[in-house]
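Colleague: Give me the fold of what follows.
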Amino acid sequence: MIDLRSDTITKPTPEMLEAMFSAPVGDDVLEDDPSVNLLQHKIAGLFNMPAALFCPSGTMTNQIAVRVNTSPQDEVICDQNAHIYLYEGGGMMLNSLVSPKLLKGNKGRLNADMITKSINPDDIHRPRTRLVALENTMNKGGGSIYDFKEIIKIATVCKKNKLKLHLDGARLFNALAESKETPSDYGTHFDTISICFSKGLGAPVGSVLIGTKNVINKGKRIRKALGGGMRQAGYLAAACTYALDHHLDKIKDDHRRARILASSIENLPFVSEIYPVRTNIIIIALKPDRSPQIFLQKLEKKGLLAIGFGTGLIRMVTHLDFNDDQMEKAIQIFKTLE
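Modeller: Below is the predicted model:
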């Protein structure tokens with residue numbers, strides 16, 4: 001079975017497993033797990049930011065970021081399809097007592113002008129605008145990438161209006177693979193950054209939140225309250241460090257395969273449109289007479305897994321465990337469908 005439901009389905013390589021099994025560990029809640037400390041130091045240095053916090057998931061790092069950057073009754077500006085709003089179980093409202101202001105970006109990407117117009121006035125009837133949250137790459141935008149010049153403009157607006165700026169960078173390394181920017185460029189402009197290791201980088205578990213030492217110290221308390229304090233977490237952190245050291249250069253292969261797969265099926269009779277493929281996400285809009293549910297069932301019967309992604313849409317994501325032979329087989333599967 002070829003599984004393109006997500007890039008989260010990858011399994012650790014034998015070499016990654018060896019790194020995990022041989023990792024020195026301690027008690028991370030007591031801050032003496034050397035493998036966790038190594039990862040946190042490494043990723044903070046990569047982004048030229050003071051500190052980092054290892055967590056079980058990107059949802060947790062995003063939720064901690066919202067909590068440390070806001071107070072109850074504040075408002076968070078984000079895209080209407082942002083992961084922190086759409087896919088985190090209402091966590092902003094539950095964990096931080098804040099409300100979202102949802103904007104309709106271009107394939108999920110906001111711009112400085114629309115953010116400026118969305119900042120609330122100082123009025124007791126309105127929530128206080130306090131945080132802007134961006135997502136790069138943008139999942140619901142088909143892996144779309146921000147123009148970094150626009151990010152700089154957004155950061156300028158945030159500074160001028162005393163707003164915090166958070167990046168959901170679950171797939172940021174996919175964006176970096178297709179641009180000239182460096183991690184430290186992002187560290188310069190964001191107050192907090194969430195990085196996920198269990199997507200394109202191929203680790204089994206783990207995300208980090210990066211920020212100032214004060215933010216991370218506050219984040220440790222919130223992580224504990226959310227149940228994210230882990231003991232011998234170094235076994236998991238070692239997988240993330242291995243991914244940073246060995247898997248970054250494989251991301252472009254995922255993108256190449258996604259582009260080839262998309263271009264090979266875009267003119268098939270059941271395809272209405274394919275979103276522009278910038279990274280490893282392929283979103284297919286089916287013709288109006290096609291049911292995504294039935295279409296997915298047909299794919300599965302022929303040996304390929306994808307997921308529904310909204311009205312008339314299906315999504316596929318290439319990843320570390322998807323090779324050229326599987327890509328050719330996937331193309332042939334699509335070509336056999338009516």
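
Colleague: Give me the residue at the spatial middle of the protein.
Modeller: Centroid-nearest residue in the chain, with CA atoms, centre = their mean: Ala170, separated by 2.1 Å.

Colleague: which residues of the stretch 151-300 of the chain fall in strands?
Modeller: Counting by DSSP state E, counting those that start in this stretch, the stretch 151-300 of the chain has strands at residues 164-169, 192-196, 207-211, 271-274, 281-286.

Colleague: do you know which of these lies nearest Ile77?
Modeller: strand 164-169 (9.9 Å; CB to CB). C-beta here means a position set from N, CA and C on the backbone, and glycine is covered the same way.

Colleague: ok, the closest one: who's next to it in the sheet?
Modeller: strand 128-135 (parallel), strand 192-196 (parallel) (DSSP bridges).

Colleague: now the ones you listed as CSV including mean pLDDT and mean neighbour count?
Modeller: Formatted as CSV, these follow (pLDDT from 0 to 100; neighbours: other CB atoms under 10 Å):
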stretch, mean pLDDT, mean neighbour count
strand 128-135, 98, 25
strand 192-196, 98, 28
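
Colleague: Spit out the contact partners of the residue nearest to the centre of the chain.
Modeller: 58, 83, 135, 139, 194-196, 199, 207 (CB atoms under 8 Å, 6 or more residues apart in numbering).

Colleague: swap in Ala133?
Modeller: By CB under 8 Å, 6+ apart, the residues touching Ala133 are 62, 65-66, 76-78, 82, 84, 166-168.

Colleague: Could you tell me which of the residues you listed are located in strands?
Modeller: Among the contacts of Ala133, the members falling in strands (DSSP state E) are 76-78, 166-168.

Colleague: now, which of those residues sits nearest Glu88?
Modeller: Taking CB to CB as the measure, Glu88 lies nearest Asp168 of these, at 9.7 Å.

Colleague: Looking at that closest one now. What's its pLDDT?
Modeller: pLDDT recorded at Asp168 is 98.

Colleague: Next up, the contacts around the closest residue in space to it that isn't next to it in sequence.
Modeller: In space, and not counting its chain neighbours, Asp168 is closest to Glu135: 4.3 Å by CB to CB, 6 or more residues apart in numbering. With contacts defined as CB under 8 Å, 6+ apart, Glu135 is in contact with 78-79, 82-84, 108, 167-168, 170.

Colleague: if you set the cut-off to 7 Å instead, what comes out?
Modeller: 79, 82-83, 108, 168 (CB atoms under 7 Å, 6 or more residues apart in numbering).

Colleague: circling back: any chance of the strands paired with strand 164-169 in TSV, with distance to Ser71 too?
Modeller: Shown next, in TSV, are the strands paired with strand 164-169 (distance: least, CB to CB, whole Å):
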stretch	distance to Ser71
strand 128-135	7
strand 192-196	15
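
Colleague: which stretch among those strands comes nearest Ile9?
Modeller: Among those, the nearest to Ile9 by CB to CB is strand 192-196 (13.8 Å).

Colleague: Now do that closest one and strand 207-211, the angle between them.
Modeller: 160 degrees (axes from the mean of the first three to the mean of the last three CA atoms, to 10 degrees).

Colleague: got the contact list for strand 192-196?
Modeller: 43, 47, 58, 61-62, 65, 69, 166-170, 172, 186-187, 207-211, 215.

Colleague: If we use 6 Å, what do you get?
Modeller: Outside strand 192-196, the residues that touch it by CB atoms under 6 Å, 6 or more residues apart in numbering are 58, 61-62, 65, 166-170, 207-211.

Colleague: Could you do stretch 26-37 as well?
Modeller: Applying CB under 6 Å, 6+ apart, the contact partners of stretch 26-37 are 23-25, 54, 229-231, 233-234, 237-238.

Colleague: Which residue lies closest in space to Glu88, excluding its sequence neighbours?
Modeller: Closest to Glu88 by CB to CB, 6+ apart is Thr59, at 4.8 Å.

Colleague: likewise Tyr242?
Modeller: Nearest one to Tyr242, counting by CB to CB, 6+ apart, is Ala19 at 4.2 Å.

Colleague: and the one you found, that's in a strand?
Modeller: No. Ala19 is assigned helix when assessed by DSSP: H, G, I helix; E, B strand; the rest coil, not a strand.

Colleague: gap between the longest helix along the chain and the chain center?
Modeller: As assigned by DSSP state H, the longest helix anywhere in the chain is helix 251-265. Its chain's C-alpha centre and that of helix 251-265 lie 19 Å apart, by CA atoms, centre = their mean, to the nearest Å.
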